[in-house]
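Asker: the sequence isn't on hand, but the structure is:
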């Protein structure tokens, strides 16, 4: 493991365009449950509540459940060691930015500046009628559903099942994946399309892939060059020491 960590440090330090690609696993240590797997949200709740058609036809019921799922633990969570070290990697110039599948905003709270939120965010909402955008703090979450000043229902700005990826986030994420010469994959099983295609794109464009996942993923035996079977916080604490910054 020590030799592999040395190799990872060398790759990161020599990268001209490093990119970090994160999934739910990076936020588990902040107390946010993953969507699938052990302790996953969809083992506790029915994912139909964030299907776009269900939301459009049953906004009150959808909002009642969304408050439990997204606007309690997720909203109150704090960045962990992994988020902090990833932000410092960007600050020091070792990575150009982060592509995240997460909607919790913890990368930004930790200090990351260039974050592409592939699946959107819980921290803003938009009116389904007039498209006016609100910050979460401006919204009365006790209302079921919260509404815009025009009377339209507010929808959280994360991607519901049945919706497409925000075009700008998709475009910028793809550009980052193509330009990467090193990609660090953290805490994702690689099963959600089209996000899981991004490391494949990086590999096709010649990037070296460093993977941090407690269990092997869809990437481990195919595109990964260095695999660290660890929790994100443990790995990044070790990486921070090894970087000797």
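Answerer: Arrived safely, thanks for sending. The model shown is predicted, which means the values in this text are computed figures rather than measured ones.
Asker: find the nearest non-adjacent residue to residue 238, please.
Answerer: Nearest-residue entry for residue 238: residue 5, 6.2 Å, with adjacent residues in sequence omitted and distances by Cβ to Cβ, 6 or more residues apart in numbering. The way it works is simple: take the backbone N, C-alpha and C, and place the C-beta from them, glycine included.
Asker: so who does the one you found touch?
Answerer: The contact partners of residue 5, taken as Cβ atoms under 8 Å, 6 or more residues apart in numbering, are 228, 238-239, 242.
Asker: just these: which are in helices?
Answerer: Those of the contacts of residue 5 mapping onto helices are 238-239, 242, per DSSP state H.
Asker: before we move on, back to that, would you mark the buried spots in the helix or strand harbouring the residue nearest to residue 238?
Answerer: Assigned by DSSP states H and E, residue 5 belongs to helix 2-14. Judged by neighbour count using 16 or more other Cβ atoms under 10 Å, the buried positions of helix 2-14 are 5, 8-9, 11-12.
Asker: then stretch 163-172?
Answerer: Using 16+ other Cβ under 10 Å as the test for burial, stretch 163-172 gives 165-166, 169-170, 172.
Asker: take those and write them to CSV, including distance to residue 192, secondary structure and pLDDT.
Answerer: Output for the buried residues of stretch 163-172, formatted as CSV (distance: Cβ to Cβ, whole Å; DSSP: H, G, I helix; E, B strand; the rest coil; pLDDT from 0 to 100):
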residue, distance to residue 192, secondary structure, pLDDT
165, 11, coil, 97
166, 15, coil, 95
169, 14, helix, 97
170, 14, helix, 98
172, 18, helix, 98
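Asker: just to revisit the earlier point, quick check on the contacts of residue 5: which are buried?
Answerer: Looks like these have 228, 238-239 buried, using 16+ other Cβ under 10 Å.
Asker: all good on my end, thank you.
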